[in-house]
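Undergrad: Requesting a structural model of the entry that follows:
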Amino acid sequence: FMLAGIARYLFIPLAEAVVFAMLASYVLSRTLVPTLAKYWLQPHAGPPPAAGPLGAMPRRLQQGFEEWFGRMRRGYRGWLARALAARGRFAWPFLAAMAGTALLAFPFGRYLPGLGQDFFPNVDAGEIKLHLRAPTGIRIDETATLCDRVEATIREVIPAREITTVVDNIGVPNSGINLAYSTSAPVGPGDADILVSLAHGHRPTAEYVRRLRTRLTALYPATTFAFLPADIVSQILNFGLPAPLDVQISGFNVDANRRYANLLLQRLHTIPGLVDLRIQQDFDYPTLNVDVDRSKAALLGLSETDVASNLLISLSGSAQTTLSFWIDPKSGSQYSIAAQTPQFRLASLSDLATTPITGNNGNPQMLANLASFSRGVAPAVVSHYDATPVIDIYGSVERTDLGYIAAQIRKQVAATRDSVARGSQVTVRGQVKTMGDSFNGLLVGLAGAVVLVYLLIVVNFQSWRDPFIIITALPAALAGIVWMLFLTHTPVSVPALTGAIMCMGVATANSVLVISFARERMQAGDDAVQAALSAGYTRFRPVLMTALAMIIGMVPMALGLGEGGEQNAPLGRAVIGGLVFATIATLFFVPTVFTLVHGRGSR
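TA: Just a heads-up that it's a prediction; the model follows:
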């Protein structure tokens, strides 16, 4: 509930489901469960009834399990007795080992890369969204031809049986389509999107993306290619940007910022794992300047507005300036009419110079009599952020984590800080900023949950020491989470941190079972060692039942089975790793700490 932004809307439903499920479980445990226990457990008070022929096998299995579990329980009691006898030599090394596990979370050299950081796991959506940008100034029909060649290359890389559909969107959408719905940010007729939908049972999409990136770059070196997020979750997390990373250079010295952007782009190309790098803005879009002689035009009764309107009609059609309709006298149907000069009549500047310019006086004049022509270049799009001109360098991540790439980008930005123009600034945006805010919110929530649980136990136990003993199992849970993520090569992400918060609750509940029973035994007259030994032995079964139920339930999620299973796999892995270590700590470390604290107090 302490998250903000997109992450809040993604995980609030999960938090609500857990909270209401626990409330319902508590109510049922206080009402329905005791009632059922009263009636259903009554026959077990006496000797077990004679088993029929169908019940003999289950009874033998149960007896065999009870004998095996009893041996394991007695073995645990022996190991716990040894730990309690050498509690000083056991507790401190155990605590140091758990604290040392935190080193796995940080990179140390080549052979200990540490845990990576990702905002959200990548999901195989079964779609590939490719954006290409042809050389500046290309005609849209030439872009269409290029798309046909690229599509043929895609079909060479991906087997035909694994392709369902291929859809091409070429150029800038029509004026009736809101560009806010386009995540590729096209700027001209040289831009195109190719969406490939894969059939069920296809090979991993990331594998095809890597092969296509290498193949297309080699075959079409003059074309810029970028693979955009195809799944809806990544598109939401990108806030509509076409890439998870956006290095933004902002400032009013556009020329200097452009030079710095090219310099930084070259430096960013040296970062391994940072792919699809490109500058979003196109600065060299070809233009044709028409310089109208106002004095001559005024003598002929024309104005610059007349020249602009006639040129627009000739080049783009009358529908861009005035809507004209024709009504069929027979059917009464209304049709929109657009007039435009045929393209074959505008093959050169000489043809354009003969364009008739008509004003209010009705006397047409050739454009060559009113204006001169010159060629030039201009930005295809001018982007702003808070009214400040910006240049965006977009990039994606391949075979590494977002946190590592963001750290490397910041190093390159710091190394080129002296080249930034005065008054300009460089900011890393995209998923990086949102990831940092979400991580901070979850870590604050994790710390707040531990503090609230501790205070709640203090109120119930009327003690400050015993609640502290209970939460000593939590460092082991965190160590288990780190180990599980490290061994499975799973980066730290929002689902993983959510799983850590869930694990804290179960680990605390198991420790409460052990410490509450140990307190009862001390009140009955046992010393601290005997109370801790009895508590561990008696609570061995319920602690294992609680932990194993949660672990087994999380196994399918941790394996990432099914479509979109990668999304919640870090959550399941974090819970499993944390509970394995927390259970060991609950059964060995917590009784040892109880003996150390209460044994010292009794003396």
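Undergrad: so the most centrally placed residue in the chain, which of the three states?
TA: The residue lying closest to the centre of the chain (Cα atoms, centre = their mean) is residue 120, at 2.6 Å. Taken by DSSP: H, G, I helix; E, B strand; the rest coil, the conformation at residue 120 corresponds to coil.
Undergrad: Same check on residue 399?
TA: In the three-state summary, residue 399 is assigned as coil, counting by three-state DSSP.
Undergrad: Quick check, pLDDT for it.
TA: Reading off the confidence values, residue 399 has pLDDT 87.
Undergrad: list the contacts for the residue lying closest to it once chain neighbours are set aside?
TA: Nearest-residue entry for residue 399: residue 273, 5.8 Å, with adjacent residues in sequence omitted and distances by Cβ to Cβ, 6 or more residues apart in numbering. Yep, even glycine has a C-beta here, placed from its N, CA and C like the rest. With contacts taken as Cβ atoms under 8 Å, 6 or more residues apart in numbering, residue 273 has the following neighbours: 397, 398, 399, 400, 404, 405.
Undergrad: Kindly report the same for residue 351.
TA: For residue 351, the contact set (Cβ under 8 Å, 6+ apart) comprises residue 345.
Undergrad: Can I take it that it is in a helix?
TA: Yes: under three-state DSSP, residue 351 falls within a helix.
Undergrad: And the pLDDT at it?
TA: In the predicted model, residue 351 carries a pLDDT score of 85.
Undergrad: Distance of it relative to residue 290?
TA: Counting by Cβ to Cβ, to the nearest Å, the gap between residue 351 and residue 290 amounts to 14 Å.
Undergrad: Can you name the residues that contact the residue nearest to the centre of the chain?
TA: With contacts defined as Cβ under 8 Å, 6+ apart, residue 120 is in contact with 10, 233, 234, 237, 431, 493, 494, 495, 567.
Undergrad: got CSV for those, with neighbour count too?
TA: Compiled in CSV, the contacts of residue 120 are given as follows (neighbours: other Cβ atoms under 10 Å):
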residue, neighbour count
10, 19
233, 17
234, 19
237, 23
431, 25
493, 28
494, 25
495, 25
567, 19
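Undergrad: Weed out the non-buried ones from the contacts of residue 273.
TA: When burial is judged by neighbour count using 16 or more other Cβ atoms under 10 Å, the buried members of the contacts of residue 273 are 397, 398, 400, 404, 405.
Undergrad: So for stretch 554-571, mean pLDDT?
TA: Stretch 554-571 shows an average pLDDT of 84 in the prediction.
Undergrad: And stretch 512-530, by the same measure?
TA: Mean predicted lDDT for stretch 512-530 stands at 89.
Undergrad: try stretch 194-209
TA: When pLDDT is averaged over stretch 194-209, the result is 91.
Undergrad: What are the buried residues along the helix or strand residue 498 falls within?
TA: Assessed by DSSP states H and E, residue 498 sits inside helix 494-523. Residues of helix 494-523 classed as buried: 494-504, 506-519, 521-522 (neighbour count, 16+ other Cβ under 10 Å).
Undergrad: Same check on stretch 252-259?
TA: Using 16+ other Cβ under 10 Å as the test for burial, stretch 252-259 gives 254, 256, 257, 258.
Undergrad: What of stretch 559-568?
TA: Within stretch 559-568, the residues that qualify as buried by neighbour count (16+ other Cβ under 10 Å) are 560, 565, 566, 567, 568.
Undergrad: Give me the nearest residue to the last one, chain neighbours excluded.
TA: Distance criterion Cβ to Cβ, 6+ apart; nearest residue to residue 568, sequence neighbours excluded, is residue 557 at 5.3 Å.
Undergrad: Excluding its own residues, what touches the strand or helix carrying that neighbour? List them.
TA: Element membership for residue 557 (DSSP H and E) is helix 540-559. Taking contacts as Cβ under 8 Å, 6+ apart, the residues outside helix 540-559 that touch it are 69, 73, 76, 506, 509-510, 513-514, 565, 568-569, 571-573, 575-576, 579-580, 582-583, 586-587.
Undergrad: For the next helix or strand along the chain from it, which residues meet the burial criterion?
TA: Moving toward the C-terminus from helix 540-559, the next helix or strand (DSSP H and E) is helix 569-584. By neighbour count with 16+ other Cβ under 10 Å, helix 569-584 contains the buried residues 569-583.
Undergrad: Also stretch 201-210?
TA: 202, 205, 208, 209.
Undergrad: could I get these as CSV with distance to residue 263?
TA: Compiled in CSV, these are given as follows (distance: Cβ to Cβ, whole Å):
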residue, distance to residue 263
202, 40
205, 34
208, 33
209, 28
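Undergrad: Filter these down to the ones in strands?
TA: When strands are assigned by DSSP state E, not one member of the buried residues of stretch 201-210 lies inside them.
Undergrad: which among the residues you listed gets closest to residue 596?
TA: residue 205 (53.9 Å; Cβ to Cβ).
Undergrad: what residues are up against that closest one?
TA: If you count contacts by Cβ under 8 Å, 6+ apart, then residue 205 has 124, 125, 126, 127, 128, 198, 230 around it.
Undergrad: Identify, from those residues, the entry nearest to residue 598.
TA: Where the contacts of residue 205 are concerned, and distances follow Cβ to Cβ, residue 598 has its nearest neighbour in residue 124, at 53.2 Å.
Undergrad: On the three-state scheme, that closest one is what?
TA: Applying three-state DSSP to residue 124 yields a three-state assignment of coil.
Undergrad: and it, how many residues sit next to it?
TA: By the measure other Cβ atoms under 10 Å, the count of residues near residue 124 is 19.
Undergrad: Surely residue 426 forms part of a helix?
TA: No: assessed by three-state DSSP, residue 426 does not belong to a helix; its assignment is strand.
Undergrad: what's across from it in the sheet?
TA: As for beta bridges, residue 426 partners with residue 249 under DSSP bridges.
Undergrad: Please report the distance of it from residue 204.
TA: For residue 426, the distance to residue 204 equals 35 Å [Cβ to Cβ].
Undergrad: Same check on residue 592?
TA: With distances taken as Cβ to Cβ, residue 592 is found 47 Å from residue 204.
Undergrad: Next, count neighbours for the closest residue to residue 125 other than its chain neighbours.
TA: In space, not counting the residues next to it along the chain, residue 125 is nearest to residue 231; the distance is 3.6 Å by Cβ to Cβ, 6+ apart. Counted with other Cβ under 10 Å, residues neighbouring residue 231 total 18.
Undergrad: Tell me which residues touch residue 231, please.
TA: Contacts for residue 231 (Cβ under 8 Å, 6+ apart) come out as 123, 125, 127.
Undergrad: Of these, keep whichever come out buried.
TA: Listed as buried from the contacts of residue 231 are 123, 125; burial here means 16+ other Cβ under 10 Å.
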